[in-house]
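**Q** What would the 3D arrangement of this be:
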Amino acid sequence: QVQFVESGGGLVQPGGSLRLSCAASGSIFSIFGIYHMGWYRQAPGKQRELVASITTGSNTNYADSVKGRFTISRDNTKSTMHLQMNNLKPEDTAVYYCNGGLLLITDPKAFPSWGQGTQVTVSS
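**A** Numbers count the residues shown, from 1 in each chain. The predicted structure follows:
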């Protein structure tokens, strides 16, 4: 059962910025703080991949391709998570998803369900 809703995507020129949001809903809303979370993306013709993760203690980790450009954060008081994306490149074009669990999950295949995601397109 999907309980995360992504938003904030759009069309941006190379070098531009976007801020994605992920909102917890349903039964997860009140216990969001004990979920390890991650942002994932899937480009056309490619497998879904982990972009960034944040633990319950706010320790963060990033894919090499986005280090120094993306910043993941969370606000447990609002049961939300964000991904600030700067200096966007055409290769960042993908549908971005958020997901999480009581364990830190790095393999997207481990999740039984996903939200609709939010489309990010980087193009001039």
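
**Q** From residue 82, how far out is residue 36?
**A** Separation of residue 36 from residue 82 (CB to CB, to the nearest Å) stands at 16 Å. For the C-beta atoms, the positions are set from N, CA and C on the backbone; glycine is no exception.

**Q** OK, contacts around the residue nearest in space to the middle of the chain?
**A** Taking CA atoms, centre = their mean as the criterion, residue 39 is the residue nearest the geometric centre of the chain, at 2.2 Å. Residue 39 makes contact with 20, 22, 50, 51, 52, 53, 72, 81, 83, 96, 97, 98 under the criterion CB atoms under 8 Å, 6 or more residues apart in numbering.

**Q** With residue 107 instead?
**A** Taking CB under 8 Å, 6+ apart, one finds residue 50 in contact with residue 107.

**Q** again with residue 46
**A** Neighbours of residue 46 in contact, by CB under 8 Å, 6+ apart: residue 94.

**Q** Could you pull up phi and psi at it?
**A** In this entry, residue 46 is assigned phi and psi values of phi -120, psi 160 (degrees, to the nearest 10).

**Q** Mind jotting down where the strands sit in this protein?
**A** Ranges of strands within the chain are 4-7, 10-12, 18-24, 36-42, 49-54, 60-62, 70-75, 80-85, 94-101, 118-122, based on DSSP state E.

**Q** Also compute the angle for the fourth one relative to strand 18-24, please.
**A** Between the axes of strand 36-42 and strand 18-24, defined by axes from the mean of the first three to the mean of the last three CA atoms, to 10 degrees, the angle is 130 degrees.

**Q** Strand 36-42 pairs with which strands, and in what direction?
**A** Sheet pairing here is set by DSSP bridges, and for strand 36-42 it gives strand 49-54 (antiparallel), strand 94-101 (antiparallel).
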